[in-house]
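Participant: Fold the following and give me the result.
(chains A and B)
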Amino acid sequence: MSGTFLGMPPFPEAAKAALADAQLRHNLAHATSTIRAKRAGVVAEVADWEDLRTRAATIKDEVLAHLDGYLNELEAALTAAGATVHRAADADEACRIVGDIAAAHQATEVVKVKSMATQEIGLNEALAARGIRAWETDLAELIVQLADDLPSHILVPAIHRNRAEVREIFRTHMAQAGRAAPEDLSDRPADLAAAARIHLREKFLRARVAVSGANFAVADTGTLVVVESEGNGRMCLTLPEVLISVVGIEKLVPTFAELDVFLRLLPRSSTGERMNPYTSMWTGVTPGDGPQEVHVVLLDNGRRRVLADPVGRQALRCIRCSACLNVCPVYERTGGHAYGSVYPGPIGAILNPLLKGVGTDPQIDSLPYASSLCGACSEVCPVKIDFPEVLVHLRSQVVDAHRGDRIPKPEALVFRAVGATFASGGRLASAERVNGFAGRLLARLGTARMPGGRHTTGSLPGPGAAWTGARDLPAPPPESFRQWWARAGASGASGPEDVAPQPHSPHTQTYAAPPPLSGDALLQRFVDRVRDYRATVDVCRSGDLAAYVREALGHAGRVVVPDELGLDLGERGVPDHALTATDLDEIDAVVTRAAVGIAETGTIVLDHGSGQGRRALSLVPDLHVCVVRADQVVPDVPDALSRLDPTRPMTWISGPSATSDIELERVEGVHGPRTLHVVLVVN
Amino acid sequence: MGSVRVALMVTCVNDAMFPETGKAVVTLLRRLGVDVDFPAEQTCCGQPMINTGYLDEAISAVRAFAGAFEGYDAIVTPSGSCAGCVRHQHAIVARRAGDPRLTAALERTSPRTYELSEFLVDVLGVVDVGAYFPHRVTYHPTCHSLRMLGVGDRPTRLLSAVRGLSLVDLPAAEQCCGFGGTFAVKNADVSVAMASDKARHVRETGAEVLVAGDNSCLMNIGGLLSRQRAGVRIMHLAEVLAATEGASA
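Facilitator: You can find the predicted model right below:
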C-alpha cells in the first residue's frame, strides 16, 4: 500500500461516507474524548510541560539541521556494537533489504512489532509477494490484519471496531492464521486479549526473524528504543535470532540523556499514561542475550524531500504520539480511513503531501484542506508542530501547482476576482452596493427570518448550496458598514482621549517546577505510582526479603532465578542454564533484581546486569517478582538516565503488560508477565 | 499625553454582512472616550485567500491594509480571526510579494493590531464597560481568538461585568464550530457535523443568546440553530458590550 491506500477518493468524498457510519462516529467520539481526558490529567501533573515541549522541538530541529552528521554517528555506533546498517532511499529498496535478510535465513514468516515505518513502505505486502508471512503481533494490528482491514488510528488502529466485531473477526479468521480462537469465545475484551495471547504465543516461540521499527535512535550510542504496552514488542525484540529494525531517518536523538525529554512527553501525549508499560532499549548485539544478528534499515522514502521544505520540515519532528488525532474535531468525526493513508488526522494531512509532493494526485491535494485550521493539534503537539502554518503553506503549494493549468478551476477565477475587488476601498464599496441591492430584494421577497429578525437568503444554487443545504445564511444587509459610516457614522466623533497603546507582547504562561522529592516522600511516591498500575508492592527490611519473595511467589510451581541472586527456593528453583524460549514458557515465575526505580512514573528499569537475568527471563514466565533497593529509587526520568549505561540492553517496566485496543477498555496481561510484584527493600 | 490615533478595522465580513457589529464597536469606544476613525481604503485582511492557498491573490488586500492603517497607534478589530491573520500571516504575504517596503509597513501595523477584547482589557484597562444586557448568554471562544491570539478569559471577564447578564458555561466550548473559512464549503459535510455538535451544546445551556468574538463562526453556528428553529439568537461580543439601559440591542 506504500503509505497511501490505493484508489481512495479525495477527502471530502471519503469523509461523507465515514460520517454516515453511526457506529464509527460513536466509537470515535468515545475513544477520542476518553484519551483526551486522560492526557489532560497526566499533562497537568508536569510542572515544566511547556519547557519540555520547547526542548523537544529544539532537539529535533538540531537533528534535522545536521542530519547527515548524526546519521553517520549512529551508523558508526551501531556498527561498532555489532549491528549491520542499511540505507534505503525508498519503500521498494527498504522492502527488498528486509526480504533479502529474511530469505537468507530461509524464513517463511516474520513476527512484527507495530511500526508506522513498515506500514508506510507496505512491507507486509512486499514480503507476502516473496512467500514470507508477516505476522502483526500488536492486538489492534492483529485485528486489522485478520480482517484484511486498514488501520484507522496511529495508536489504536482498530478504534473503528467494537468488541462484537472483534469477536467475529477472531472466530472467523484466526484459524487460517494459526491457532484458532476458542469455540466459546466471549466478547469481553479480557477474553479477546487472552485469545490473542494464546494465538500469538506459538508464533513468538517459533519465529526466527522479527521486524520492528523504533521510536528513537540515539546517535552517539547506537541505542534503539521501542515504546509499547502489551509485551508483544519485547517478545519480538528478545526471542528471535534475527532482528531487523526499519527506522525513519528523522527518528534520531543526539544523545542518550536527551531521551529523557521524549520519554516524558511521549506516553503522556500518546496513551495518557505517565509511562507506558514497556520500553525496550538495545544497542546492537548483546552476546548471550536476545537476537545475535541485528540489522537496522535507515529509511528515507520522501523524508529528504520534507527536509528541503523550510516550512514543512517541522513535520519531521513528529514522534507519532497521535495526540493531534485525538483532539482533532475533523478526525473525531471522520476517523482515519478518510485520510487514505497510514498517517491519518492532522499529522497525515501534512505528512502525506510533504512526503509525496503535491500537484499530481487529487487525493493527496485534498488533504491540506481537511482541516478547519482550528489549531487544537498544535496546542497538544509535544514537539510543537505549527499545523495551521504547514497546512496553509501546503495549500499554497497545491494552488501554485495548478497556476499553469490551461483551464483554471472556477475557484481560482473567483479568488482572482475577489483579490481584485479587495485592492481598494472604492472597488469594495461598488461590490457592496450590489450586495445591498440583493439584500433589499431578498427582504422584499419575504424569505424566512432568523432569530433576531434578519431575512435569510433561502437556498443558494451551485457552491452556495454547500452552505445552505444544512445552514441558513443571513441575507445581506441593505446598507454596509462603510455606507453607514459615510452617511452618519463619522459625524458622531467625540474628543481625543488619553490612552497610550503599546505594541503587545505575546501572552505567555510561566511554570514553577516543584522541588524534587527525597527520603520517605520519594519512596512513598514510588510505591503509590507502581500501585497505580495495579502492580503489587511490598516494603520490607533486607533480613525479611527471602520470606517476602516466597510469599510473593505464592503457589508458583517452577521459578527461574538468576544465579547471582543467591536465593534458595528449594525444589521449585530453576537455574538459567541455557533455557530456550520454549523451556521458559513452561516456567511459572521469575525473580530478578532491578537497576533503577523511577518514583514519578512508577517504573522499574532492568539493565539485565547482575541478578537481573537476560531479557527473556523476565518476559516469558507469567509472574515477575522484582526486588528494588531503596537506594535505587530516583525521582524522575532524567535521574534514571544518568544512572544507566546506554550500551546495555534495557527493559523499562511500568506495571504489568496491558492493552486498551478494544473499545479502550484496559486489559492487564497480554504478552508479558500478567502479574508484576515489586518488593522494595529498605534499611 | 497627546491624542492617539485609533482605527477601526471592521473586516470585510462585518462590513458587508454584519454592519451592526461595526456600529457597536464605534458606539462602545466612543462611550469609553476613544475617538475612533474608519480608514475608508481598508478592504479585507486577506485571510480568505491566504487560507485557501491563493497567496498571490492576497497581495492586493494586504497592500490595501498597509496603506489604510499606516500611521495609526492602534488598530482595533471585532474579529479574533482577522487579528490573527494580521499578526501571524501578513508577513508571509509580504515575503511572497518580495516587497521590502510592504514588509516594513506590515512590521509597523501587525503589532499595533488588537482584537476588541484585548484592546478593552489590555490597552484601555477596562473590564466593566458600563453595559446592560438582561439576558441569559453563553460564550463560544473562537479558535483563532483562543489559540492564535491567546485572548484567554478577557471576553468572559468583560461579559461577567455586564449588568443584568447571566453567563452560562458552554459544554466543550473550546472545540471548533466547523466554520474554517472555505472549509465550510469545501468540506461541507464535516463542517456541518461539527456545527451540529456545537449547536447541540448551545441548546443544552438554555441560553437565549450565543455570543462570540467572530461573526463568521457565529454565522455558521447561527445558520444551523436557525435551520433547527432553536430560537437562539447570535450576537457579537461588541453588540452586547455596546448595549445600555434604554438602548438595548
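
Participant: Would you mind writing the CA trace of the helix ranked longest in chain B as CSV?
Facilitator: Once chain B is assigned using DSSP state H, the helix that runs over the most residues is helix B:188-205. Extracted C-alpha coordinates of helix B:188-205, given in CSV (Å, rounded to 0.1, in the frame of the first residue of the first chain):
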residue,chain,number,x,y,z
ALA,B,188,-19.3,20.9,4.0
ASP,B,189,-20.3,17.6,5.4
VAL,B,190,-17.7,17.5,8.1
SER,B,191,-18.3,21.2,8.8
VAL,B,192,-22.0,20.6,9.3
ALA,B,193,-21.2,17.6,11.6
MET,B,194,-19.0,19.9,13.7
ALA,B,195,-21.6,22.7,13.7
SER,B,196,-24.3,20.3,14.7
ASP,B,197,-22.5,19.3,17.9
LYS,B,198,-21.7,22.9,18.7
ALA,B,199,-25.4,23.8,18.2
ARG,B,200,-26.4,20.9,20.4
HIS,B,201,-24.1,22.1,23.2
VAL,B,202,-25.5,25.7,22.8
ARG,B,203,-29.1,24.4,23.2
GLU,B,204,-28.1,22.4,26.3
THR,B,205,-27.1,25.6,28.0
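
Participant: just the helices in chain B please.
Facilitator: With DSSP H, the ranges of helices along chain B come out as B:12-16, B:19-31, B:47-52, B:55-69, B:80-88, B:90-97, B:100-109, B:116-118, B:143, B:154-160, B:183-186, B:188-205, B:215-227, B:237-242.

Participant: Can you lay out those as a markdown table showing mean neighbour count and mean pLDDT?
Facilitator: For the C-beta atoms, the positions are set from N, CA and C on the backbone; glycine is no exception. As requested, the helices of chain B are exported to a markdown table (neighbours: other CB atoms under 10 Å in any protein chain shown; pLDDT from 0 to 100):
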| stretch | mean neighbour count | mean pLDDT |
| --- | --- | --- |
| helix B:12-16 | 24 | 96 |
| helix B:19-31 | 23 | 97 |
| helix B:47-52 | 25 | 97 |
| helix B:55-69 | 24 | 97 |
| helix B:80-88 | 26 | 97 |
| helix B:90-97 | 20 | 96 |
| helix B:100-109 | 16 | 96 |
| helix B:116-118 | 26 | 98 |
| helix B:143 | 27 | 98 |
| helix B:154-160 | 20 | 98 |
| helix B:183-186 | 22 | 95 |
| helix B:188-205 | 22 | 97 |
| helix B:215-227 | 26 | 96 |
| helix B:237-242 | 28 | 98 |
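
Participant: hang on, isn't A:Leu373 packed against A:Leu391?
Facilitator: Yes. Counting by CB atoms under 8 Å, A:Leu391 is a contact partner of A:Leu373 at 6.3 Å.

Participant: so who does the nearest residue to A:Cys236 once chain neighbours are set aside touch?
Facilitator: Spatial nearest neighbour of A:Cys236, excluding adjacent residues (CB to CB, 6 or more residues apart in numbering or on different chains): A:Ala210 at 4.0 Å. Residues counted as contacts of A:Ala210 (CB atoms under 8 Å, 6 or more residues apart in numbering or on different chains) are A:110-113, A:236-237, A:239-240, A:242-244, A:291.

Participant: Which of those residues lies at the shortest distance from B:Ala40?
Facilitator: Taking CB to CB as the measure, B:Ala40 lies nearest A:Val113 of the contacts of A:Ala210, at 64.5 Å.

Participant: Tally up the residues packed near the closest residue to the closest one other than its chain neighbours, please.
Facilitator: The shortest distance from A:Val113 to any non-neighbouring residue, by CB to CB, 6+ apart, is to A:Ser212 (4.0 Å). By the criterion of other CB atoms under 10 Å in any protein chain shown, A:Ser212 has 26 neighbours.
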